[in-house]
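J.: Structure, please.
(2 chains)
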There are 2 protein chains.
Amino acid sequence: MEEKERFVTKITPKSEDYSRWYTEVVRKAELADYTTVKGCMVIRPYGYAIWEEVQQRLDRRIKETGHQNAYFPLLIPESLLKKEAEHVEGFAPQVAWVTQGGDEQLEERLAIRPTSEAIICSMYSKWVRSWRDLPILINQWVNIVRWEKVTRLFLRTTEFLWQEGHTVHASEKEAEEETLRILEVYRDSVENDLAIPVIAGLKTEREKFAGALSTYTIEALMTDGKALQAGTSHNLGQHFAKAFDIRFEDKDQKMKYAWQTSWGATTRLIGAIIMTHGDDSGLILPPKVAPIQLIIIPIPATGWQEKVLPLVKELERRLKEIGLRVQADLREVYSPGWKFSEWEMRGVPIRLEIGMREVVEKRVVAARRDTGDRMLLPLDNLEKEIPPLLTEIQNNLFNRAKKFLQDNTHTIDDYDEFKEIINTRGGFIYSFWCGDPECEQKIKEETAATIRCLPLESDHASGSCIRCGRPSDQRVYFGKAY
Amino acid sequence: MEEKERFVTKITPKSEDYSRWYTEVVRKAELADYTTVKGCMVIRPYGYAIWEEVQQRLDRRIKETGHQNAYFPLLIPESLLKKEAEHVEGFAPQVAWVTQGGDEQLEERLAIRPTSEAIICSMYSKWVRSWRDLPILINQWVNIVRWEKVTRLFLRTTEFLWQEGHTVHASEKEAEEETLRILEVYRDSVENDLAIPVIAGLKTEREKFAGALSTYTIEALMTDGKALQAGTSHNLGQHFAKAFDIRFEDKDQKMKYAWQTSWGATTRLIGAIIMTHGDDSGLILPPKVAPIQLIIIPIPATGWQEKVLPLVKELERRLKEIGLRVQADLREVYSPGWKFSEWEMRGVPIRLEIGMREVVEKRVVAARRDTGDRMLLPLDNLEKEIPPLLTEIQNNLFNRAKKFLQDNTHTIDDYDEFKEIINTRGGFIYSFWCGDPECEQKIKEETAATIRCLPLESDHASGSCIRCGRPSDQRVYFGKAY
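T.: Residues are numbered from 1 along each chain as shown, chains lettered A, B, ... in the order given. All right, here's what the predicted structure looks like:
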């Protein structure tokens, strides 16, 4: 009976078809669903609840570093988008255009924001007058539309949710400091809240944000060996300030162009959580961002409603009181076995099982989602036992992923070996590169691998470019990417 | 000197030009600004911080009544929008249409959501199969676009932010209960958090939501005598269930169409706060939704940095520790008088002033924004004094607004008097109405007043229609509305 019920949520194993496994986890855990609108998904309540946890934690960090939230318009007149040449060139192919409002044909097309530099800079040019107005440190949480040909739930959809920060500074130095400060906010947030280890670095000219001076990135490694860009922070230099005329009177009374940054992280982070931690039973959520940290499942037997049920409710209350996100699954139409599978699929970090025996023995069975370990915990002491157990799960997930990243980062000096690894095991390949964009392009054509980033701290080695053999003084990270 | 500085933030008095006063408060308090995009505004950090407070409190109430958040697509194919006839007729004139994606011309136009019933119902028809799937209780916080001809900051803009709840139920009774439950959530939230008294009631057929069976509303009264709809809750009956084929197998194993509700509250609530509480010095914020509840302003004099400054910082820390939102204004380029005016303009409920004398006497000057009263509070006891003072301010704002609403609600039985009051003092007019939509329409044409609502609880009076004289057994609320 239990086996038959388990079948309900059975999914394709990761090893058999990773891509199908991913989609099935997303859909069976009810994180998201396809819609009739091409390339657009609905984020279902459980998926959105994860996003709310991720968002609240990142929002707190953004505010703690002095930023404020605001809201800028969804629609951007084409003329604004065109002001910065590289920017429009980069984004125009992906823009959804509004051409009609009610019955009227618009004189000028309006872009649905593919990113908001243009509209925000048009306001900053009004707001910035003096050095006293600087820095401007603004962030917004909004929806974004980019017309995508091939889409994938959470990872690449026509519409997605993100935060985008847009700052203005009086000096080049401050802008660079801000860019790196935010990169560290992202690293800290992704590593410590999402338990996903990353490599931080600089994008190449080819891979940087359209219109930026330089782009910094954090890159994660999924369990299929593919890289995933988990957040980017751009130093915009004075490119947009010049295009949008953002000038200020400095302390020396001279008019100067301002220095800017922008930075973003998106709902694709949910995809990264799935692909970093998930297994063949479904999702595994890091406790810090799990909407439900503990699920309590009563085991019915004769007399359970008199003896087990009150204890389940008491436990739920006690654990809520110490600030945990806990839920009791009291549905009577499903068996315990069915519930075990469902909450495993949904990645809840700890399951507590309580039956008649547990009532008598004053203890409870706790099952860890990350390791599958089951243990007996004394009922009286749960408030003391559970929080460190959640911390241990959080740490275990991070360490496991960190080990995977290390085991799958290959220092390679031979191009054939490079190609072989990229086409079989995947992972990050750490190789010398000459710095020439043409060589970078050829490597992409020949191997489908791109330069994920130049590491922030060079190891001061020297060698020869993995492809062309010219001298190089820096290894960079290559990988196939989502 | 101080007078000259005060002039910086001086605004048009309410009595002189209400509409200009409103716009000047919005812009000088830096709540919002116009943009180059027709009818679209930017919500600036201080305005957005108010929205975050309003939103968090309403979100908590929505979750406490069993609802979960989710996210549905921004774009709605025209064919979906057309499925419910009344709905499309009501919204089509206001739709912004996407017709191009990247370089391609779309085969079908996509509407930017003017409201999300169509896209959400298309998903519900997939998700709902059995009575076990019900109720579905989902809410989303999103942006909305409605092509408006005449716009006004916060009150009517082409794009605005809101929450929209969309629920599915097994019975007519449950749907009606949900509609009224949410109306009560809105009333409670607006009256207790925003300190804005409202009248709750039913919309007429003419004024109801396009596609609904019935619409309930809460109506507030602004200090210029105009009504403002502050939240609506719709019983959709089976209209959308039939149009979108949302059916479930009931306990009796028969397939039945589901019953639905939808409900929304928007960023126009910020406009309601301004126009309910504000005065000629600017905004007045109810403490519960004020991003800054206390502003501490040091009064410089010789030696203030040694003696006053440490005390200001200590006070800020102490008040933060007890959970208050407090900020110290330590800017040296502005005088205390300039700061007083600025924080009055921004509506901060309590200002604390600390100079050398206060340090010596171990007390602080506290000034209330709502009454202008200044009092001396002993420094040692601030943790005890401030919270009840904030409660008193919150209550005072509500009571003052409640008195205004009562004083400006007129029970009228004579049409000439009706017209005179509507054209002079404004306010709510409580009069008999025959129930005929034609009579309602004529009253609108002749007086510009609309029926704001039929009160939830009838007073069982009987009389004759204010316009046509036909018998009526219910008074209704009329008013000119935003």
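J.: quick one: low-confidence parts of chain A?
T.: A:1-9 (pLDDT under 70).
J.: Where do the domain boundaries of it fall?
T.: According to automatic domain parsing, chain A comprises the domains A:18-277, A:292-392, A:409-479.
J.: Which one, of these, ends up nearest to residue B:175?
T.: Residue B:175 sits nearest to domain A:18-277 of all the domains of chain A, at 19.6 Å, using C-beta to C-beta. Every residue, glycine included, has its C-beta placed from N, CA and C.
J.: how far does that closest one stretch from start to finish?
T.: In domain A:18-277, first residue to last residue: 13 Å (C-alpha to C-alpha, to the nearest Å).
J.: ok, now which ones touch the closest residue to chain B within the stretch 201-350 of chain A?
T.: Distances between the stretch 201-350 of chain A and chain B by C-beta to the nearest C-beta are smallest at residue A:333, namely 6.6 Å. Contact partners of residue A:333, counting by C-beta atoms under 8 Å, 6 or more residues apart in numbering or on different chains, are residue B:132.
J.: Surely it is within a helix?
T.: No. Using DSSP: H, G, I helix; E, B strand; the rest coil, the assignment for residue A:333 is coil, not a helix.
J.: how about the domains of chain A, which one is nearest residue B:51?
T.: Closest among the domains of chain A, using C-beta to C-beta: domain A:18-277, at 7.8 Å.
J.: Okay, and residue A:11 sits in which element?
T.: Assigned by DSSP states H and E, residue A:11 belongs to neither a helix nor a strand.
J.: Is the closest residue to it other than its chain neighbours in a helix, a strand, or coil?
T.: Leaving out its chain neighbours, the residue that sits closest to residue A:11 by C-beta to C-beta, 6 or more residues apart in numbering or on different chains is residue A:24, at 4.1 Å. Here residue A:24 is recorded as helix under three-state DSSP.
J.: right, and residue A:24 touches residue A:13 too?
T.: No. Applying C-beta atoms under 8 Å, one finds residue A:24 not in contact with residue A:13, separated by 10.1 Å.
J.: Of the two, which one has the most company?
T.: residue A:24 (17 against 12; other C-beta atoms under 10 Å in any protein chain shown).
J.: now the helices for the stretch 51-200 of chain A?
T.: For the stretch 51-200 of chain A, the helices defined by DSSP state H, counting those that start in this stretch occupy A:78-81, A:85-91, A:117-127, A:172-192.
J.: name the helices or strands packed onto the third one?
T.: Using 3 or more C-beta pairs under 8 Å, 6 or more residues apart in numbering or on different chains; DSSP states H and E as the contact test, the elements touching helix A:117-127 are helix A:78-81, strand A:136-145, strand A:159-169, helix A:239-244.
J.: Compare the ones you listed and report which one is nearest to residue A:203.
T.: That would be helix A:239-244 among the helices and strands packed on helix A:117-127, by C-beta to C-beta, at 15.4 Å.
J.: Which residues of the stretch 251-400 of chain A lie near chain B?
T.: Proximity of the stretch 251-400 of chain A to chain B, by C-beta under 8 Å from any C-beta of the partner chain, involves residues residue A:333.
J.: again, only this time at 6 Å
T.: Residues of the stretch 251-400 of chain A lying close to chain B (C-beta under 6 Å from any C-beta of the partner chain): none.
J.: And the helices in the stretch 251-400 of chain A, which stretches?
T.: A:268-277, A:304-321, A:336-345, A:356-361, A:382-407.
J.: center of chain A, which residue is that?
T.: Central residue of chain A (C-alpha atoms, centre = their mean): residue A:269, 1.9 Å from the mean position.
J.: how many neighbours does residue A:288 have?
T.: 19.
J.: hang on, it packs against residue A:193?
T.: Yes. The pair residue A:288 / residue A:193 is scored as a contact, 4.9 Å apart, by C-beta atoms under 6 Å.
J.: would you say residue A:13 is within a strand?
T.: No. Counting by three-state DSSP, residue A:13 is not found in a strand; it is coil.
J.: That one and residue A:280 touch, don't they?
T.: Yes. Residue A:13 is within contact range of residue A:280, at 4.8 Å (criterion: C-beta under 6 Å).
J.: Not including adjacent chain positions, what is the nearest residue to the closest residue to chain B within the stretch 351-482 of chain A?
T.: The nearest approach of the stretch 351-482 of chain A to chain B comes at residue A:482, 20.7 Å away (C-beta to the nearest C-beta). Counting by C-beta to C-beta, 6+ apart, residue A:482 lies nearest to residue A:228, which is 4.7 Å off, once chain neighbours are set aside.
J.: If anything else comes up later, I'll come back, but that's it for now.
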